[in-house]
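*Asks:* My questions concern the predicted model and sequence given below.
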Amino acid sequence: MNSQAKAERLRVFSAYRKVFTGRTARVRKKKAIRKIILQHWPLCKDPLSHSEIDRAVPILRALLNDGVFESEELASKEFPNLLSQDPQEEHPIITDRETNPEKKALEEYKTRLKRPIKAEQKRVDSALESIAQESVQGTSLYILNKNK
């Protein structure tokens, strides 16, 4: 394996070592790997572009098949210099919701997006209720007039 390929494997491993843990470390199918990457993509400080994701999937699959994400020992054999560093320093995935300003901003943004939808839903419900009341009143008047 040439040095460029090793560097790419190291980059992909360090970017996703906190994502592919537990159950996700046992995933082997390309489609499932891509889905996991895309689920964590908005939370990355330095997200991969779509073309980089396409290149990362086979690399991640090979790393997963090699068991690098499941075993610290295998990971240290594959990347001897990496595991001596603190994993939080080089990892691009946001992990702490309370202390991370990016995650907090994302949650606030989602909340702000929901507010107009709820307000609009209330207006629609109110309009439908008034239409229903008018319809009931109109039907009652029609029946009263018809019986006269």
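*Replies:* Structure received.
*Asks:* and the residue nearest to Lys30 when sequence neighbours are not counted, how many residues sit next to it?
*Replies:* Nearest residue to Lys30 in three dimensions, chain neighbours excluded: Val57, at 5.4 Å (Cβ to Cβ, 6 or more residues apart in numbering). For glycine as for every other residue, the C-beta is placed from the backbone atoms N, C-alpha and C. Counted with other Cβ atoms under 10 Å, residues neighbouring Val57 total 18.
*Asks:* Just the buried positions in the host helix or strand of Val57, please.
*Replies:* Element membership for Val57, per DSSP states H and E: helix 50-66. Judged by neighbour count (16 or more other Cβ atoms under 10 Å), helix 50-66 contains these buried residues: 53, 56-57, 59-61, 63-64.
*Asks:* packing partners for that helix?
*Replies:* Other helices and strands packing on helix 50-66, by 3 or more Cβ pairs under 8 Å, 6 or more residues apart in numbering; DSSP states H and E, are helix 3-16, helix 30-40, helix 72-78.
*Asks:* switch the cut-off to 7 Å
*Replies:* helix 3-16, helix 30-40 (3 or more Cβ pairs under 7 Å, 6 or more residues apart in numbering; DSSP states H and E).
*Asks:* picking that back up, for the residue nearest to Lys30, which residues are in contact?
*Replies:* 30, 33-34 (Cβ atoms under 7 Å, 6 or more residues apart in numbering).
*Asks:* most surrounded residue in those?
*Replies:* Among the contacts of Val57, Ile33 has the most neighbours (other Cβ under 10 Å), with 23 neighbours.
*Asks:* I'd say that residue and Leu60 touch.
*Replies:* Yes - with contact defined as Cβ atoms under 7 Å, Ile33 reaches Leu60; the gap is 5.2 Å.
*Asks:* circling back to that earlier point, looking at the helices and strands packed on helix 50-66, which is nearest to Glu72?
*Replies:* Minimum separation from Glu72 across these (Cβ to Cβ) falls at helix 3-16, 12.3 Å.
*Asks:* And the closest one, what's buried?
*Replies:* Buried residues in helix 3-16, defined by neighbour count with 16+ other Cβ under 10 Å: 8-10, 12-16.
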